[in-house]
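**Q** Give me a 3D structure for the following:
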Amino acid sequence: MKIAITYKDGQVFQHFGHTEQFKIYNLENGEIVSSKVISTQGSGHSALAGMLAILKVEALICGGIGGGARDALDKAGIRIYGGVKGDADAAALSLAKGELLFDPDAKCDHHDHEHTCGEHTCGEHTCH
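**A** This is a model prediction of the structure:
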């Protein structure tokens, strides 16, 4: 299974649409067999979903994620494991073993009020 994790400094980054990196993992038989960090090159929400689809990613582990990004990932056939915090490698290994704790309804709460992305900084809202 090929998965992606929103990534920053070894941790699961908490806002899908603002992630600057993904860590891509190949998982087999409950183990991580390979991983690499890739840059998103400043791509936005829907472009990130397209990038993951091109990479043939089957699942995404992230913190918070908005509705538009969820829709784009669903259309690409990518499963979402949201609401995850902490060490990215530990999260990947937990998924490989079928033990990942996640929130199927995780979202970014800043998407509940009107604005367009880019009108705030990540410190002005919380993602969960």
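
**Q** residues contacting A69?
**A** Listed by C-beta atoms under 8 Å, 6 or more residues apart in numbering, the contact partners of A69 are F16, G17, H45, S46, L48, A49. For glycine as for every other residue, the C-beta is placed from the backbone atoms N, C-alpha and C.

**Q** Tell me what D87 is bridged to.
**A** Per DSSP bridges, the residues bridged to D87 are Q11.

**Q** okay, now it: neighbour count?
**A** Neighbour count of D87, defined by other C-beta atoms under 10 Å: 14.

**Q** same thing with the one 4 residues further on?
**A** For A91, the tally of surrounding residues (other C-beta under 10 Å) stands at 24.

**Q** mind listing the helices for this structure?
**A** Applying DSSP state H to the chain gives helices spanning 45-54, 67-75, 88-96.

**Q** among these, which is the most enclosed?
**A** Of all the helices of the chain, helix 88-96 has the most neighbours on average by mean count of other C-beta atoms under 10 Å, namely a mean of 20.

**Q** Hmm, F13 and Y7 touching each other?
**A** Yes - using C-beta atoms under 8 Å, Y7 makes contact with F13 at a distance of 5.7 Å.

**Q** who touches both of those two?
**A** Common contacts of Y7 and F13 (C-beta under 8 Å, 6+ apart): T19, Q21.

**Q** Nearest to N26 among the helices of the chain would be which one?
**A** Between N26 and the helices of the chain, the shortest separation by C-beta to C-beta is 9.7 Å, and it involves helix 88-96.

**Q** other SSEs contacting that closest one?
**A** Judged by 3 or more C-beta pairs under 8 Å, 6 or more residues apart in numbering; DSSP states H and E, the packing partners of helix 88-96 are strand 2-8, strand 11-12, strand 21-28, strand 31-39, strand 59-61.

**Q** How far off centre is the last one?
**A** By that I understand strand 59-61. With C-alpha atoms, centre = their mean, to the nearest Å as the basis, strand 59-61 stands 6 Å off its chain's centre.

**Q** I'm done for today, thanks for sticking with me.
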